[in-house]
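Student: Pasted the sequence and its predicted model underneath.
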Amino acid sequence: MPPPWLRLLPYGSTLTVFDERTGRDVALSADGPGDLGSHPRLARSGFLAPLDPALLIPHRKLHPLFLPFEGALLCPDPSRHPPGGWSWRTIDLAPRGLALWNAVDGRLTVPQVAAQAGVPVAEALVRLGELAAWPVQAVLLRPDRVRPDHPSLARVVGPPREPNLREAHMYTGGATTLGDFHDAIDDAGTRFDLAETTLAHALALPHPALGGQRYGERLCDRLLQSSVRCVEVGGGTGELGAAFLDRARGRGLTPSYLRIDRSPALLALQAEKMPGTAGIVGDALALALPDGTVDLLLANEIIADLPSTRTASGWSNDGALQFVGEVARVLAAGGTAFLSEFGSEADEPEETEQLDHPEVSIRFETLVQRARALGLQARLVPIAEFLSLDLDAHWLWRPHLGAVRHLDQRAGRAPTAGRAWTPATLPRPEHAEGLRWVTLRDEGPGPLPGRTWALLLQR
Ligand SMILES: C[S@@+](CC[C@H](N)C(=O)[O-])C[C@H]1O[C@@H](n2cnc3c(N)ncnc32)[C@H](O)[C@@H]1O
């Protein structure tokens, strides 16, 4: 019989053993030991031994936010992990719990924290244990000090994130087909803030990672040399194009700009953002353009939307490959195309499960081969390198965007948008302590720049 303070949580192929007294956890293989009581890993880690408060150091975990006006912690609910991220709830800290929380600094031991808070050691151990227990996970009691960004402090022990629902029309045979999905988009104004935050959308407001520029402005600096014929395919909200054109005008350039998008709703939004530009509802796989007529083609974070086919050996990015063929057809001599997307050079493509529609990551080496076979020059560059994105700049840690949205919902406000917020730009009506700002190498509101590539094609 395992001791009553151990909670056993089967998740997929692993069994997590959670110590309710300390908030510490160990993952064992699911077929695991029949007799946990004699498992050497548990014995070694002190999970089975009685607690000696003098040896324990309480650490604040990274998820909880402190709401000073309520004397409460805002914590993720570990019992469910919906596709949009954890749901959040407040945990009341009675005055003595609050005194203990304030004294926890990751250095003092339980008796020292208790003394500072004016609480008896035995009571401190119970209260801190409640904060460490599985339903709360605000505190970790460890026999050692750990660095402030130690992974155990950023872990919520709970089920893996649930996959988002899929509808039958999103697949035909073994392929993803998103035509009906894009035709029916009716949340154009909020889609990229809430359901599908692209890197370009996250960085559509001026950001320190771009030296104060917007994504579309930096793209203009990298790609536009003269007033040429531009076409943007899959322009989303139109913010990228609007910033691109603002920057072009600022540099004294007046390119023509044609927008092609499958979604009528998004195309209409683009028209609002880019007055004076023309737009066509159309398919990237059959561009309604004559051969050899485009000088600069932009396709930012669209090719993972194009059909991919599941074969016996994995996914194949058939739609993206066909699109490369269309790009080769429409590019004028000397013309350039910029295709960005999440994926990798050579890894197996995989379907994302969190989005509300199936997107498949891109294996770029196949696109490079196709482009070269079609007579184009092809260069694959990490997006951060191409845009000189400063990956040491900061944005709001993804779980805390969820926490901020919980506060919005409670206050009856519209949810905070999916942007690369910094401490200077995040709209923050409530006082909440503990917001975590991470570098662009860590999880923010949109895809990781480190997984996003720019494919440059030239005729
Ligand atoms: C993920 S969004 C990217 C939006 C924007 N470029 C950005 O980076 O934020 C994909 C865009 O491509 C459009 N799109 C998807 N499939 C398409 C297709 N087959 N033909 C044309 N546009 C398509 C969508 O309507 C949407 O505007």
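Tutor: It's in.

Student: Let me know the pLDDT of residue 163.
Tutor: As predicted, residue 163 sits at a pLDDT of 81.

Student: nearest residue to it other than its sequence neighbours?
Tutor: residue 353 (3.8 Å; CB to CB, 6 or more residues apart in numbering). Placement of C-beta: from N, CA and C, glycine included.

Student: Would you agree the one you found is in contact with residue 82?
Tutor: No: between residue 353 and residue 82 there is no contact under CB atoms under 8 Å: 11.8 Å.

Student: that older thread, who's in contact with the residue nearest to residue 163?
Tutor: Residue 353 makes contact with 83, 161, 163-164, according to CB atoms under 8 Å, 6 or more residues apart in numbering.

Student: Check the gap between it and residue 130 for me.
Tutor: As for residue 353, its distance to residue 130 is 34 Å (criterion: CB to CB, to the nearest Å).

Student: which regions of this structure sit below the pLDDT cut-off?
Tutor: For the chain, the stretches with pLDDT under 70 are 30-34.

Student: Longest strand in it, please.
Tutor: Ranked by residue count, the top strand of the chain under DSSP state E comes out as strand 331-344.

Student: could I have stretch 297-315 exported to PDB, CA atoms only?
Tutor: This file holds the C-alpha atoms of stretch 297-315, laid out as PDB (Å, rounded to 0.1, in the frame of the first residue of the first chain):
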ATOM      1  CA  LEU A 297       5.100  37.300 -53.800                       C
ATOM      2  CA  LEU A 298       4.400  37.100 -50.000                       C
ATOM      3  CA  ALA A 299       2.800  34.000 -48.400                       C
ATOM      4  CA  ASN A 300       3.300  34.400 -44.700                       C
ATOM      5  CA  GLU A 301       2.200  31.400 -42.500                       C
ATOM      6  CA  ILE A 302      -0.300  30.000 -45.000                       C
ATOM      7  CA  ILE A 303       1.300  26.900 -46.500                       C
ATOM      8  CA  ALA A 304       0.600  24.700 -43.500                       C
ATOM      9  CA  ASP A 305      -3.100  25.400 -44.300                       C
ATOM     10  CA  LEU A 306      -2.800  23.900 -47.700                       C
ATOM     11  CA  PRO A 307      -3.700  20.200 -48.100                       C
ATOM     12  CA  SER A 308      -1.200  17.600 -46.700                       C
ATOM     13  CA  THR A 309      -1.700  13.900 -47.300                       C
ATOM     14  CA  ARG A 310      -1.100  11.100 -44.800                       C
ATOM     15  CA  THR A 311       0.900   8.300 -46.500                       C
ATOM     16  CA  ALA A 312       2.200   5.100 -45.100                       C
ATOM     17  CA  SER A 313       5.400   6.800 -44.200                       C
ATOM     18  CA  GLY A 314       4.000  10.000 -42.700                       C
ATOM     19  CA  TRP A 315       2.600  13.300 -43.900                       C
END
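
Student: Go through it and flag the buried ones.
Tutor: In terms of neighbour count (16 or more other CB atoms under 10 Å), stretch 297-315 has its buried residues at 297-310, 315.

Student: now residue 376: how far from the ligand?
Tutor: As judged by CB to the nearest ligand atom, to the nearest Å, residue 376 and the ligand stand 20 Å apart.

Student: Please apply the same query to residue 236.
Tutor: According to CB to the nearest ligand atom, residue 236 stands 3 Å off from the ligand.
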